[in-house]
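> show me how the following folds:
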Amino acid sequence: MEQWIEATVVEKRHWSDGLYSLRFQAPVEPFSAGQFTRLALEIDGERVARPYSFVNPPHDTLLEVYFNEVLEGPR
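Next up, the predicted model:
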């Protein structure tokens, strides 16, 4: 069984058409640079998760990931 933790989004940046980044706070264990994680949203009562790589240095207090918008994806 997967264990999920809650995070608080601190900032969403719009870099270009369809490219964004999220900065968030979450109680995660120390990680290695480039380590992957899974982020999820509840969409219509279903948890939709995707893999992401942390782009921030491991010592930063805020976590950050980049993502692109998929126009045909779940809404």
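
> helices or strands up against the helix or strand bottoming out on mean pLDDT in the chain?
Ranking every helix and strand in the chain by mean pLDDT, DSSP states H and E puts strand 36-43 at the bottom, with a mean of 88. Other helices and strands packing on strand 36-43, by 3 or more C-beta pairs under 8 Å, 6 or more residues apart in numbering; DSSP states H and E, are strand 46-53. The C-beta positions use only the backbone N, C-alpha and C, and glycine is treated the same way.

> if you set the cut-off to 10 Å instead, what comes out?
strand 46-53, strand 63-68 (3 or more C-beta pairs under 10 Å, 6 or more residues apart in numbering; DSSP states H and E).

> for Phe36, find the nearest of the ones you listed.
The closest of those to Phe36 is strand 46-53. By C-beta to C-beta, the value is 5.2 Å.

> now that closest one and strand 63-68, what's the angle there?
100 degrees (axes from the mean of the first three to the mean of the last three C-alpha atoms, to 10 degrees).

> could I get the buried residue list for strand 46-53?
Tyr52 (16 or more other C-beta atoms under 10 Å).

> contacts for that strand, please.
Applying C-beta atoms under 10 Å, 6 or more residues apart in numbering, the external contacts of strand 46-53 come out as 2, 4, 22, 33-42, 63-67, 70, 73-74.

> from Ala7, how far out is Thr37?
10 Å (C-beta to C-beta, to the nearest Å).

> touching both of those two, which residues are there?
What both Thr37 and Ala7 touch, as defined by C-beta under 10 Å, 6+ apart, is the set Ala26, Val28, Leu63.

> mind checking pLDDT for Asp44?
Asp44 carries a pLDDT value of 88.

> burial measure for it, as a count.
When counting by other C-beta atoms under 10 Å, one arrives at 7 neighbours for Asp44.

> was I right about Gln35 contacting Val65?
No. Gln35 lies out of contact with Val65 (C-beta atoms under 10 Å); the separation is 11.0 Å.

> shared neighbours, these two?
Taking C-beta under 10 Å, 6+ apart as the contact rule, Gln35 and Val65 both touch Tyr52, Ser53, Phe54.

> about what we covered before: now tabulate the shared contacts of Thr37 and Ala7 in a markdown table and tack on distance to Ser16.
A markdown table is the format used below for the shared contacts of Thr37 and Ala7 (distance: C-beta to C-beta, whole Å):
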| residue | distance to Ser16 |
| --- | --- |
| Ala26 | 26 |
| Val28 | 28 |
| Leu63 | 22 |
